[in-house]
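*Asks:* coords below, sequence missing:
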């Protein structure tokens with residue numbers, strides 16, 4: 001959205017503390033609306049308010065994440081969910097100055113933590129155009145709830161994968177030990 005050298009000033013003061021993150025979480029809002037002019041459809045990919053605001057430990061920049069969880073597949077099941085995240089990067093020159101928006105990016109991420117690109121992300125966005133329409137008064141709470149559920153499913157999936165990999169590792173180690181023991185016995189009996 002912005003060129004690498006461009007910035008957009010904001011009236012939010014940069015205090016250089018966690019207070020800035022709390023202020024941004026409460027004051028910042030975003031609507032990222034995609035329009036399909038051929039089918040006359042639209043979809044809002046933003047959660048309106050940020051689902052998380054964090055300060056980067058090295059650069060000091062503040063990253064505000066707006067997220068919408070969409071169904072990736074045609075079945076629309078929870079296991080096929082993806083996160084359309086819009087990350088707004090804010091930073092400021094001197095402490096006490098104004099925050100500046102330095103970057104805005106759209107990221108489509110699946111439950112395995114893989115960022116989709118090309119055909120995969122276009123398929124997800126196409127599914128988003130066909131999703132449920134309308135705005136409820138509790139859009140922000142619903143967005144945070146779905147984002148929390150997405151993070152929980154992502155954590156559970158990662159834990160299952162680690163358990164499977166651990167079992168496979170134990171099987172390989174056991175097989176290796178068994179081969180070494182059998183070779184040792186073969187040499188002793190010869």
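*Replies:* Received it, and whenever you're ready, just let me know what you need. Nothing here was measured: the structure is a model prediction, and the numbers come from that model.

*Asks:* Could you name the helices and strands sitting against the lengthiest strand in the chain?
*Replies:* Secondary structure of the chain per DSSP state E: the longest strand is strand 98-110. Helices and strands touching strand 98-110, by 3 or more C-beta pairs under 8 Å, 6 or more residues apart in numbering; DSSP states H and E, are strand 8-13, strand 81-91, strand 115-116, helix 119-129. Backbone N, C-alpha and C define where each C-beta goes, glycine included.

*Asks:* In a markdown table, list those along with mean neighbour count, distance to residue 69 and mean pLDDT.
*Replies:* Converted to a markdown table, the helices and strands packed on strand 98-110 look like this (neighbours: other C-beta atoms under 10 Å; distance: least, C-beta to C-beta, whole Å; pLDDT from 0 to 100):
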| stretch | mean neighbour count | distance to residue 69 | mean pLDDT |
| --- | --- | --- | --- |
| strand 8-13 | 14 | 27 | 75 |
| strand 81-91 | 22 | 5 | 86 |
| strand 115-116 | 16 | 14 | 86 |
| helix 119-129 | 16 | 10 | 80 |
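
*Asks:* Among these, which comes closest to residue 150?
*Replies:* strand 81-91 (5.5 Å; C-beta to C-beta).

*Asks:* rewinding a little: can you list the helices and strands packed on strand 98-110 in JSON lines and add distance to residue 52?
*Replies:* JSON lines is the format used below for the helices and strands packed on strand 98-110 (distance: least, C-beta to C-beta, whole Å):
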{"stretch": "strand 8-13", "distance to residue 52": "17"}
{"stretch": "strand 81-91", "distance to residue 52": "9"}
{"stretch": "strand 115-116", "distance to residue 52": "17"}
{"stretch": "helix 119-129", "distance to residue 52": "21"}
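
*Asks:* nearest to residue 35, of these?
*Replies:* Nearest of the helices and strands packed on strand 98-110 to residue 35, taken as C-beta to C-beta: helix 119-129 at 9.3 Å.

*Asks:* what's the angle between the closest one and strand 81-91?
*Replies:* Put simply, helix 119-129 runs at 100 degrees to strand 81-91, going by axes from the mean of the first three to the mean of the last three C-alpha atoms, to 10 degrees.

*Asks:* just checking, what packs against helix 119-129?
*Replies:* Using 3+ C-beta pairs under 8 Å, 6+ apart, the elements in contact with helix 119-129 are strand 33-36, strand 41-44, strand 62-71, strand 81-91, strand 98-110.

*Asks:* Sheet partners, orientation included, of the third one?
*Replies:* In other words, strand 62-71. Strand 62-71 sits in its sheet next to strand 52-55 (antiparallel), strand 81-91 (antiparallel), going by DSSP bridges.

*Asks:* how much distance is there from it to the middle of the chain?
*Replies:* Chain-centre distance of strand 62-71: 6 Å, with C-alpha atoms, centre = their mean, to the nearest Å.

*Asks:* and if you look at the second one?
*Replies:* On the basis of C-alpha atoms, centre = their mean, strand 41-44 is displaced by 20 Å from the centre of the chain it belongs to.
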